[in-house]
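Participant: Sequence first, then the predicted structure, then my questions.
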Amino acid sequence: MWFFMYGCYFFSLASFLMLGIVFVQSLTPFYVFKASPMSFLILTSIVYLFTETLVMFFFVGTGVSVKEYMLEHKITGNFHKRMIALKRVMYPPQLLNILILMTAFIFYGAADTGKMSVWIYRGLLLLGIWHFCYAKLLQHRSFRDNTFIILEMAGIDLPSSLPCTVSGAGRVREGVH
């Protein structure tokens, strides 16, 4: 679990940096590792989509693991329902961000051929980068809460001073939201 979580953070940071480079390339075209702006945009889209797929896979995988663990060990509680609630908070912004950025990437081709103003592409790309940051904030909170749910299910007591939003009864504790 930890390997995938750290992988998600690593690739999210790489995606953010690459999206920033793509935006700067839209203002001043330059080569990165001998890749033209179009080639680097394609590489960025591949890394970005891989990252988002990995994040989704992580939450699907941990949700299934929690459900199976509960069945095998005859654990009662709302752990699986809370995992589903995390996905309901995180997935809509994540999917919207994929839509925004993929549309921006497609618009790059139209702007590059002169069929559309480059400012439309830049505006949509900037909106996508801003929304990416918002989606990553929600993902970070979901990773944190996911970890607390798993630790709680395993019987590990959490200090009340931790800034988690998930408690045993599914209530929100005081702390960082």
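Facilitator: Alright, I've got the coordinates. Residues are numbered from 1 along each chain as shown.

Participant: Can you give the distance from whichever helix or strand Gly109 is part of to the centre of its chain?
Facilitator: Assessed by DSSP states H and E, Gly109 sits inside helix 79-112. Chain-centre distance of helix 79-112: 8 Å, with Cα atoms, centre = their mean, to the nearest Å.

Participant: Let me see the mean pLDDT of that helix.
Facilitator: Here helix 79-112 scores 94 as its mean pLDDT.

Participant: go on, stretch 131-144?
Facilitator: On average, stretch 131-144 scores 96.

Participant: Show me what that stretch is in contact with.
Facilitator: Residues outside stretch 131-144 that contact it (Cβ atoms under 8 Å, 6 or more residues apart in numbering): 5, 8, 12, 15-16, 19, 55, 59, 86-87, 89-90, 93-94, 96-97, 100-101, 164-165, 177. For every residue, glycine as well, the C-beta is placed using N, CA and C.

Participant: re the thing from before, just the buried residues of the helix holding Gly109, please?
Facilitator: 79-80, 82-83, 85-87, 90-91, 93-94, 97-98, 100-101, 104-105, 107-108, 111 (16 or more other Cβ atoms under 10 Å).

Participant: And for stretch 13-31?
Facilitator: 15-16, 18-19, 21-23, 25-26.

Participant: what about Tyr121, how many neighbours?
Facilitator: Residues near Tyr121, counting by other Cβ atoms under 10 Å, number 22.

Participant: mind starting the numbering at 518 from now?
Facilitator: Shifting the count to begin at 518 puts that one at Tyr638.

Participant: Torsion angles phi and psi at it?
Facilitator: Dihedral pair for Tyr638: phi -60, psi -50, per degrees, to the nearest 10.
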